[in-house]
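Peer 1: return atomic coordinates for the entry below.
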Amino acid sequence: MTAPIPHLPSASLAPLGTGGLAAEITAQLSTQLRRVRLHGFRAPETPAPTLVAVAHGSRDPRALPTVRALLDRVRALRPGLDVRLGHIELNRPLLADTLDGLHGAAVLVPLLFGRGHHVTHDLPAALAAAPQLTGRVAAPLGPHPLLAEALHGRLLAAGFPEAPCPRTAVVLAAAGSRAPRSAQDTARTAQLLSARLGGTPVLPAYASAARPSVADAVRALTARGHDRIAVAGCFTAPGRFATLCAAAAPGPAAEPLGDHPALARLVLHRYDQALLAPTGSDREARRAATVAV
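Peer 2: Okay, here's the model as predicted:
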């Protein structure tokens, strides 16, 4: 007999938003599936795969404490889950060192926001170099409504007006990549953020490797008649790109997303998606695992 799915009181759903509700449902289903009884006997429980959060890394001394604060929030949301950190470069622990210390199953969750080279090549290569692990690479954090929720929260904290105004606009800054799919992901995140802001224009821009730059995007919005322009950044933690993009803002510049509660829920949502995804092509797996939001 299958254990019933718990009732989620309406009061607990109200602050989550659509994306948060989907992530919460995924987490609840994951919990219940581990409690299924088959023919009256409880199947032996196996440890959940380790969640390995993969940050890019930065020389900015604020970056590592910021990422650690995010992972502390993730652990608080999922007590008992083994959550580790690995960096692609510049900070320790490096991803290769983190994976060397693990055995069994792991899910790599990139703290990155689009399908650039790190997500599509570097992370699978790191798993291939750790043959003692059975692992999967989760989808990047963007695009997703929970990411838009976190960006929106950081904008409001920076002083961006909550009510839509014809004179306001936002530049959504990302690190940038030569991969076309990464730009598509950023554009979709900009659309989600615009909807979250009640239709306020949101124009994607990039710190490197892609166009337009933040300064170019600001000029384009100014030419359209917007004179109250803020910059929101798809950056987990402070670093060189985040600093450069914020410096180009003519108005409010939102802080990096850090340990925003919506971002912590999104990390767990991507982890759960990866666990639910069947084997097969990337496209098939993502379609099967994505919860409608």
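Peer 1: give me the distance between stretch 163-170 and the centre of its chain.
Peer 2: From the chain centre to the centre of stretch 163-170 is a distance of 25 Å (C-alpha atoms, centre = their mean, to the nearest Å).
Peer 1: tell me where the stretch 1-150 of the chain has strands.
Peer 2: Counting by DSSP state E, counting those that start in this stretch, residue ranges of the strands within the stretch 1-150 of the chain are 37-38, 41-42, 50-55, 83-87, 104-110, 133-137.
Peer 1: columns mean pLDDT, mean neighbour count and distance to residue 205 on top of those strands, output as a markdown table?
Peer 2: All C-beta atoms are positioned from the backbone trio N, CA, C, and that covers glycine. Conversion of the strands of the stretch 1-150 of the chain to a markdown table gives the following (pLDDT from 0 to 100; neighbours: other C-beta atoms under 10 Å; distance: least, C-beta to C-beta, whole Å):
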| stretch | mean pLDDT | mean neighbour count | distance to residue 205 |
| --- | --- | --- | --- |
| strand 37-38 | 38 | 10 | 53 |
| strand 41-42 | 43 | 8 | 53 |
| strand 50-55 | 98 | 26 | 22 |
| strand 83-87 | 98 | 21 | 25 |
| strand 104-110 | 97 | 22 | 21 |
| strand 133-137 | 96 | 20 | 27 |
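Peer 1: export the ones you listed as JSON lines, with columns for distance to residue 201.
Peer 2: JSON lines is the format used below for those (distance: least, C-beta to C-beta, whole Å):
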{"stretch": "strand 37-38", "distance to residue 201": "53"}
{"stretch": "strand 41-42", "distance to residue 201": "54"}
{"stretch": "strand 50-55", "distance to residue 201": "30"}
{"stretch": "strand 83-87", "distance to residue 201": "35"}
{"stretch": "strand 104-110", "distance to residue 201": "28"}
{"stretch": "strand 133-137", "distance to residue 201": "33"}
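Peer 1: residues near residue 204, how many?
Peer 2: Counted by other C-beta atoms under 10 Å, the residues lying close to residue 204 total 25.
Peer 1: can you report phi and psi for residue 173?
Peer 2: When read as degrees, to the nearest 10, the backbone of residue 173 gives phi -90, psi 140.
Peer 1: leaving out chain neighbours, which residue sits closest to residue 221?
Peer 2: residue 169 (4.5 Å; C-beta to C-beta, 6 or more residues apart in numbering).
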